[in-house]
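Visitor: turn this into a structure:
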Amino acid sequence: MAVTFGSYCRSTLLALALLSAVTGQVEAKRAFARGPNGSVGAFNSQGQYGSRMGARVLGQNAGAGFRHGQFTGPNGGSLNGNGNFAYKRGAGGFRNSAWNGTAPKGASGSGYSHSQYNAQTGQGARSSSEQLATSSGKDYGYTGDTSFTKGQGGSSVVQTDNHGTYDVNFAKGQKPVVAPVP
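Guide: Numbers count the residues shown, from 1 in each chain. As a prediction, this is how the structure comes out:
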């Protein structure tokens, strides 16, 4: 049975991910390998203020990866974050990330970003949001959605907490047109 680079990468990532998930007293581990067809790697670290882990497989024609982190500050704040991505030549790809956290004196926030692209149709989309609340209760943030077609342009709708909603249209080679939404 021949071992391909792809099967080697999957096996290595699975072993490293399982090792990282069940090892409780590890401070830091990392393993990376690079070859003529791509690279594979994983990491895991734990410390006094939190932990993080991730893995990735990168090749010329396809790749994927993930990461996750969880931290608590010495004065009580916290931060959690994660992300993942994948791509395949000729098919497209996606990327996702998210975070949330609190500050020691009560402020909090969260956000996300989701992007995807279909290489066969040339169409893509992105949605994102960031929301913050101060310790005194004031909210700040936005939510945005964008769609586009490669080589042509696209449009966005951005809704802010304190400054209204806007439509943004952009065409290849032209300046974006921003219009407030009543």
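
Visitor: and Asn84, what are its bridge partners?
Guide: Phe66, Asn96 (DSSP bridges).

Visitor: ok, now how distant is it from Ala107?
Guide: 27 Å (C-beta to C-beta, to the nearest Å). Backbone N, C-alpha and C define where each C-beta goes, glycine included.

Visitor: what does Pro36 give?
Guide: Here the distance between Pro36 and Ala107 works out to 49 Å (C-beta to C-beta).

Visitor: comparing these two, which residue is more hemmed in?
Guide: Looking at Pro36 and Ala107 with other C-beta atoms under 10 Å, you find the greater number of neighbours at Ala107, namely 16 against 6.

Visitor: which residues sit in contact with the residue most central in space within the chain?
Guide: A centroid search over the chain (C-alpha atoms, centre = their mean) returns Ser97, at 2.7 Å, as the residue closest to the centre. Ser97 makes contacts with 81-83, 112-113, as judged by C-beta atoms under 8 Å, 6 or more residues apart in numbering.

Visitor: now do Asn162
Guide: Asn162 sits next to 139-140 when contact means C-beta under 8 Å, 6+ apart.

Visitor: counting neighbours, what do you get for the residue nearest to Thr121 when sequence neighbours are not counted?
Guide: Excluding the flanking residues, the one nearest Thr121 by C-beta to C-beta, 6 or more residues apart in numbering is Thr149, at 8.0 Å. A total of 12 residues lie near Thr149 under the criterion other C-beta under 10 Å.

Visitor: got it, and the one 5 residues further on?
Guide: Using other C-beta under 10 Å as the criterion, Gly154 is surrounded by 19 other residues.

Visitor: okay, and it sits in which element?
Guide: In the assignment (DSSP states H and E), Gly154 maps to strand 153-160.

Visitor: in that strand, what's buried?
Guide: Neighbour-count burial for strand 153-160, counted by 16 or more other C-beta atoms under 10 Å, picks out 154, 156, 158.

Visitor: can you put these in JSON lines and add distance to Ala91 and pLDDT?
Guide: Listed next are the buried residues of strand 153-160 as JSON lines, based on distance: C-beta to C-beta, whole Å; pLDDT from 0 to 100:
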{"residue": "Gly154", "distance to Ala91": "20", "pLDDT": "95"}
{"residue": "Ser156", "distance to Ala91": "25", "pLDDT": "95"}
{"residue": "Val158", "distance to Ala91": "29", "pLDDT": "95"}
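
Visitor: export those as JSON lines, with columns for distance to Ser51.
Guide: Output for those, formatted as JSON lines (distance: C-beta to C-beta, whole Å):
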{"residue": "Gly154", "distance to Ser51": "39"}
{"residue": "Ser156", "distance to Ser51": "36"}
{"residue": "Val158", "distance to Ser51": "35"}
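
Visitor: what's the next secondary structure element after the one helix or strand in the chain whose mean pLDDT sits lowest?
Guide: For the chain, scoring each helix and strand by mean pLDDT, DSSP states H and E identifies helix 5-22 as the least confident one, at a mean of 42. With elements assigned by DSSP H and E, the helix or strand that comes after helix 5-22 is strand 28-35.
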